[in-house]
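Chemist: Predicted coordinates and the sequence they were generated for:
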Amino acid sequence: MPVSGGNWPKTRRRVIYDFMSGDEAPANDGIQRPTFVPPDWIDQVSTMPGALEIARQARQSAEGTAKTAEEKAARLVQVLLALLTLALGLGSYQLAFALDRSTIWLLSIVPIAFALALLSIATFESLQIDRVGFYSQSEPEILKDVPEEGANAAVLLAEVRGRDLARWTSEHKHSDLMQARAWFTRGLALLLIAGLVAGIGRAATESTPASTVTCHTGFPRDWIRHCPWGTPARYSFPGANQGADRV
């Protein structure tokens, strides 16, 4: 590919740019156009029949490939937003469920917490794909001051330049898309695990009858002891009413 250099910042850096003011954020989201190196075969090919049409189709195909990545990212964002809504609901349920029980139950929210984090990363990655890219097309002004015999070569060079810029943009957009899908897969797997954890935890607490613990101590009357796994306890303090339930 006759392009070199250029800069395509990482997604996290582009997200940071979104929180900067217009004066502080770099132009084009920090993306720098690569340098185009004209191939040495332009003059030879420009006189061949159909060369311009082939070059134009190649440019359009490269631009279409970049657009395909953006469309796939848009569909992925819709799925991710739905899963994030589901994950937030499940996370709220599991957190409330754990807080009503002993501290050990807080471990049950670890899968859903990681699922929310990974799905959020995938969403930000996908949103960044439909951003700035570099494209170029042949324009009439490129023929200014160009000899008639060199017109085909000038137009062909412009089309090849547009093709290579579009390919450079497409490759980076598809790379970001594959990374977003990787985060999506990890987050979806953890969301499924979190759902299993929630179901097992719920079934375990409903199938196990509540146990009671009778305590005969010399503690003050207002002392409250938490029983294992959040089970209700029956306390019997000296001088207190027998059979008083405390949780």
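Modeler: Everything's here; your move.
Chemist: CA atoms for contacts and neighbours, from now on please.
Modeler: Noted.
Chemist: Now do the strands in the protein.
Modeler: With DSSP state E as the criterion, the chain has strands at 3-4, 35-36, 214-216, 233-236, 244-246.
Chemist: give me phi/psi at residue 6?
Modeler: Note on residue 6: backbone dihedrals following degrees, to the nearest 10 are phi 80, psi 160.
Chemist: Any idea how many residues pack against the residue nearest to it when sequence neighbours are not counted?
Modeler: Leaving aside its sequence neighbours, residue 6 sits nearest to residue 34 (C-alpha to C-alpha, 6 or more residues apart in numbering; 3.7 Å). Neighbour count for residue 34, taken as other C-alpha atoms under 10 Å: 18.
Chemist: so how far is stretch 98-106 from its chain's centroid?
Modeler: 30 Å (C-alpha atoms, centre = their mean, to the nearest Å).
Chemist: Next, the buried residues of that stretch.
Modeler: If you call a residue buried by 16 or more other C-alpha atoms under 10 Å, then stretch 98-106 has these buried ones: 98, 101, 105, 106.
Chemist: and it, average pLDDT?
Modeler: Regarding stretch 98-106, the rounded mean pLDDT is 87.
Chemist: what's the answer for stretch 164-177, then?
Modeler: Rounded mean pLDDT across stretch 164-177 is 93.
Chemist: Just the buried positions in it, please.
Modeler: Of all the residues in stretch 164-177, those buried under the rule 16+ other C-alpha under 10 Å are 164-174, 176-177.
Chemist: What of stretch 48-66?
Modeler: Those would be 52, 55, 56, 58, 59, 60, 62, 63, 65, 66, for stretch 48-66 by 16+ other C-alpha under 10 Å.
Chemist: and the residue nearest to the first one when sequence neighbours are not counted, how many neighbours?
Modeler: Spelled out, that is residue 52. Once flanking residues are discounted, residue 52 sits nearest to residue 156: 5.6 Å by C-alpha to C-alpha, 6+ apart. For residue 156, the count of nearby residues is 23 (other C-alpha under 10 Å).
Chemist: so who does residue 156 touch?
Modeler: Each residue near residue 156 by C-alpha atoms under 8 Å, 6 or more residues apart in numbering is listed here: 42, 46, 51, 52, 55.
Chemist: Now that the fourth one has come up, it's in contact with residue 46, right?
Modeler: I take that to be residue 52. Yes: using C-alpha atoms under 8 Å, residue 52 makes contact with residue 46 at a distance of 7.3 Å.
Chemist: Report the set of residues contacting both of those two.
Modeler: With C-alpha under 8 Å, 6+ apart, residue 52 and residue 46 have common neighbours 152, 156.
Chemist: if we look at stretch 137-152, which residues are touching it?
Modeler: The contact list for stretch 137-152 (C-alpha under 8 Å, 6+ apart) reads 46, 47, 52, 154, 155, 158, 159, 162.
Chemist: Closest to residue 128 out of the residues you listed?
Modeler: Residue 128 lies nearest to residue 162 out of these, by C-alpha to C-alpha, at 22.3 Å.
Chemist: Pull the number of nearby residues for the residue nearest to that closest one when sequence neighbours are not counted.
Modeler: Residue nearest to residue 162 in three dimensions, not counting chain neighbours: residue 136, with 4.2 Å by C-alpha to C-alpha, 6+ apart. Residues lying near residue 136 (other C-alpha under 10 Å) number 16.
Chemist: Surely residue 136 touches residue 160?
Modeler: No: here residue 136 does not reach residue 160: they are 9.2 Å apart, not a contact under C-alpha under 8 Å.
Chemist: rewinding a little: what's near enough to touch the residue nearest to residue 162?
Modeler: By C-alpha under 8 Å, 6+ apart, residue 136 lies in contact with 158, 159, 161, 162, 163, 165, 166.
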